[in-house]
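Trainee: Generate a structure from the sequence data that follows.
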Amino acid sequence: MYHFTRVIIKLISRLPFSVVFLLSDITYLFVYYLARYRKKVVRDNLKRSFPEKQEDELLKIEKKFYHHLCDLLFESLKLATMSKTEIMQRMKITNYEPLLKHYDENKSVILMTSHFGNWEWTSSFSQYLPADKPMYQVYKKLSNKLSDKVVYDLRIRFGSVNVEVDDLFDTLREMRKEGKTGMIGLISDQSPSRKGIRYYSQFLNQRTPVLTGAETIAKIYDFPVYYARIRKVKRGYYSCDPVPICLQPKDSEKFEITEKYIRMLEQEILTDPSCWLWSHRRWKFANN
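Mentor: Numbers count the residues shown, from 1 in each chain. Okay, the predicted model is just below:
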């Protein structure tokens, strides 16, 4: 089944972007109007996040989000056959040079990312890094083995290394033992488990439990922390600008790094609300 799925994905990925986006438009009609995929979740999230907005404004964001979500699906499939030149044209990484200086200090770098724009294409960041110091993408295995394998393979196409979240600290200890450095990519806007809640922040007008793993790692290892600020330039084109969050984490206050990340993410969402993943149940433990 995996090999059949892989063939289908490659066939789709070889289609021109004009055709791929036509398929995305058709998929949008099905997902939004027929399947109504998580529409209640999306509407509830938007209403709570933007209480000041009128219904027509929220509806506009909602529809634009679903369009973006469908684009994201097909853009991710394009990873299967995109060339290095094309991915670097469509996901431009800017101002990344300061990160490389930390490697000279024998330090790894933490890149805090989010479900904004096209986070899957940020796996191409390794193209800008030394071959022996790639991006280590921290991920959680999907429950569906086929989907997990497909996503896993797409994310390593441009040299990034996948690290399962449960293996992260073992990987970091091994890297330190071998004198290796790299970029640790952490998607940090997910909801922590009920037992894993350590910190709440006021985020999008709501009391929100926030992941603190990136800050914990930064303080333990004294790794500088950056935020991956993504912009959707136009359909099929993005930019990613790494912005410093904290360069001396051991000197930072408790939850300072986490709070700065949340403020940067919030500002990014307010700039273009449709590009964030509103379909996830972000506030399911908000009232614990």
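
Trainee: where are the low-confidence patches of this structure?
Mentor: Along the chain, segments meeting pLDDT under 70 span 286-288.

Trainee: and the top helix by length along it, C-alpha only, in CSV?
Mentor: Counting residues, the longest helix found in the chain (DSSP state H) is helix 55-78. The C-alpha trace of helix 55-78 is given here as CSV (Å, rounded to 0.1, in the frame of the first residue of the first chain):
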residue,chain,number,x,y,z
GLU,A,55,-19.7,37.5,11.5
ASP,A,56,-18.9,38.4,7.9
GLU,A,57,-15.2,39.1,8.8
LEU,A,58,-14.9,35.7,10.5
LEU,A,59,-16.5,34.0,7.6
LYS,A,60,-14.0,35.6,5.2
ILE,A,61,-11.1,34.4,7.4
GLU,A,62,-12.7,30.9,7.7
LYS,A,63,-13.0,30.4,3.9
LYS,A,64,-9.6,31.8,3.2
PHE,A,65,-8.2,29.4,5.8
TYR,A,66,-9.8,26.4,4.2
HIS,A,67,-8.3,27.5,0.8
HIS,A,68,-4.9,27.8,2.4
LEU,A,69,-5.3,24.4,4.1
CYS,A,70,-6.0,22.7,0.7
ASP,A,71,-3.1,24.5,-0.9
LEU,A,72,-0.9,23.3,2.0
LEU,A,73,-1.9,19.7,1.3
PHE,A,74,-0.9,19.9,-2.3
GLU,A,75,2.2,22.0,-1.7
SER,A,76,3.4,19.4,0.8
LEU,A,77,2.9,16.6,-1.8
LYS,A,78,5.0,18.7,-4.2
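
Trainee: Pull out the buried residues from the very next helix or strand once past it.
Mentor: Per DSSP states H and E, the first helix or strand lying C-terminal to helix 55-78 is helix 84-90. Judged by neighbour count (16 or more other Cβ atoms under 10 Å), helix 84-90 contains these buried residues: 87, 90. C-beta coordinates here come from the backbone N, C-alpha and C atoms, glycine included.

Trainee: name the helices or strands packed onto helix 84-90?
Mentor: Under the contact criterion of 3 or more Cβ pairs under 8 Å, 6 or more residues apart in numbering; DSSP states H and E, helix 84-90 touches strand 237-246.

Trainee: List the neighbouring strands of the strand it packs on plus their orientation.
Mentor: When pairing is defined by DSSP bridges, strand 237-246 lines up against strand 91-93 (parallel), strand 225-234 (antiparallel).

Trainee: can you list contacts of stretch 97-104?
Mentor: Stretch 97-104 is touched from outside by 108-109, 111, 129-130, 133, 181, 183, 223-224, 226, 242, 244, with contacts defined as Cβ atoms under 8 Å, 6 or more residues apart in numbering.

Trainee: For those residues, work out which two are farthest apart.
Mentor: Pairwise distances across these (Cβ to Cβ) peak at 20.1 Å, for the pair 130 and 244.

Trainee: measure residue 96 to residue 222 for me?
Mentor: Distance, residue 96 to residue 222, using Cβ to Cβ, to the nearest Å: 21 Å.

Trainee: Can you pick out the residue with more neighbours from the two?
Mentor: residue 96 (17 against 14; other Cβ atoms under 10 Å).

Trainee: Now the more buried one. Nearest residue, chain neighbours left out?
Mentor: Counting by Cβ to Cβ, 6 or more residues apart in numbering, residue 128 is the residue found nearest to residue 96 once chain neighbours are left out, at 5.2 Å.

Trainee: now swap in residue 131 and tell me
Mentor: residue 159 (7.3 Å).

Trainee: Same question for residue 47.
Mentor: Nearest non-adjacent residue to residue 47, counting by Cβ to Cβ, 6+ apart: residue 58, 6.5 Å away.

Trainee: do you know how far that neighbour is from residue 44?
Mentor: For residue 58, the distance to residue 44 (Cβ to Cβ) stands at 11 Å.

Trainee: ok, those two, which is more surrounded?
Mentor: The neighbour comparison of residue 58 against residue 44 (other Cβ under 10 Å) goes to residue 58, with 17 against 14.

Trainee: what sits against the more buried one?
Mentor: Applying Cβ under 8 Å, 6+ apart, we find residue 58 in contact with 43, 46-47, 50.

Trainee: elements contacting the helix or strand where residue 172 lies?
Mentor: Taking DSSP H and E as the definition, residue 172 sits inside helix 168-178. Counting contacts by 3+ Cβ pairs under 8 Å, 6+ apart, helix 168-178 is packed against helix 213-221.

Trainee: how about the strands in this structure?
Mentor: 91-93, 109-113, 135-139, 161-164, 183-187, 200-203, 206-209, 225-234, 237-246 (DSSP state E).
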